[in-house]
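> What follows is a predicted structure for the sequence shown.
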Amino acid sequence: MSDLLDISGLTITRGARRGAPDGADRPLLDGLDLTIAAGGRLGLIGGSGSGKSLTSLAVIGLLGEQLTASGSVELAGTQVIGAPDRALRPLRGRVAGLVFQEPLTALDPLMRVGAQLAEPLRRHLGLRGARLEEAVEAALVEVSLTDTARIAASYPHELSGGQRQRIAIAIALAGRPQLLIADEPTTALDVTVQAEVLALIDRLVRERGMALLFISHDLAVVSAMVDEVVVLSEGRAVERGPVAQVLTAPQHEDTRRLVASARALDDALEDPR
Ligand SMILES: Nc1ncnc2c1ncn2[C@@H]1O[C@H](COP(=O)(O)OP(=O)(O)OP(=O)(O)O)[C@@H](O)[C@H]1O
């Protein structure tokens, strides 16, 4: 059986496909290979600007006009690169759901969150009326939100950052995707809320048997979520393997730096003086 996500030789450059004046630029992402089997988990780590978010956007064909991708990205057997938007729309939310760092960017500030959650449930699952209302309530409960009537009637700015990220997760999962792409999902949250949201993602991925592509600059966070990692540095995969191996015997200079900063954070948490 083929993998759920199969990325091979993915290269991203600045400039539109035709007549790009700066086409000779160094690629932003350079020949990335990675695969995730159904139900598998992979971490993608790297410093700022290493190409993590570009990878997540490339998976669902959302790179935008200014960037050109080459190589191959197969998502559930569909070639994403070069595919027209109408061919990709059915994959978004249905095959792969995305959670970003900042939930406010994923949420409409002018719409009550219950209505925002109802929209993908209606679109993907065809629910209407009382069944749709029940599904909204169940989705809020599933992401461990209590006081669901108040939350559903709230606008995003009336909720805490953690509550907003739970809503964004519920929206990403509304179409029951096979793959969750979580791009720095807890970076904007404070530390205690971070741990709760990580535990939530871990539980949902496990319960639903989803695959997970977990993206972070924080090796400590990644190691709580996945067993295998790929380390990106300046658009290249410089190291890959089991988390334990990468943590204990980092080979690349960038990986060593990520390990050192994860240790420093651990020490600070253990000895908060
Ligand atoms: N639309 C774009 N046009 C031109 N360059 C871009 C575009 N989007 C991203 N880049 C560049 O591509 C590189 C990789 O960006 P990316 O957002 O993937 O980094 P990242 O690893 O996710 O970093 P961070 O952890 O800071 O979010 C950066 O140098 C960035 O400036």
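Perfect, I can see it now. Residues are numbered from 1 along each chain as shown.

> E134: how many residues sit nearby?
12 (other CB atoms under 10 Å). Any C-beta I mention is one placed from the backbone N, CA and C, and that applies to glycine too.

> who does the strand or helix carrying D30 pair up with?
Following DSSP states H and E, one finds D30 within strand 29-36. Strand 29-36 sits in its sheet next to strand 5-14 (antiparallel), going by DSSP bridges.

> Need the contact partners of the partner strand.
20, 22-23, 25, 27-36, 51, 54-55, 58-59, 63, 66-75, 81, 96, 179, 211, 213, 235 (CB atoms under 8 Å, 6 or more residues apart in numbering).

> Which ones among these also lie next to the ligand?
The residues of the contacts of strand 5-14 that also fall near the ligand, by CB under 6 Å from any ligand atom, are L28, G51, L54, Q66, L67.

> Which two of these have the greatest separation?
Spanning the widest gap among those are G51 and Q66, at 15.1 Å by CB to CB.

> the more surrounded of those two?
Applying other CB under 10 Å to G51 and Q66 shows that G51 carries more neighbours, namely 23 against 9.

> wait, the more buried one sits on R26?
No. Contact criterion CB atoms under 8 Å: G51 and R26 do not qualify, at 11.4 Å.

> can you list residues touching both of those two?
Common neighbours of G51 and R26 (criterion: CB under 8 Å, 6+ apart): G235.

> pretty sure R257 is touching G47, no?
Yes. Taking contacts as CB under 8 Å, R257 lies within contact range of G47: 7.3 Å.

> Would you mind listing what in this structure touches the ligand?
Within the chain, the residues that sit near the ligand (CB under 6 Å from any ligand atom) are 14, 28, 46, 48-54, 64, 66-67, 217.

> which one among the residues you listed gets closest to L104?
S53 (16.3 Å).

> what about the closest residue to A83 other than its chain neighbours, neighbour count?
Spatial nearest neighbour of A83, excluding adjacent residues (CB to CB, 6 or more residues apart in numbering): G61 at 6.2 Å. By the criterion of other CB under 10 Å, G61 has 23 neighbours.
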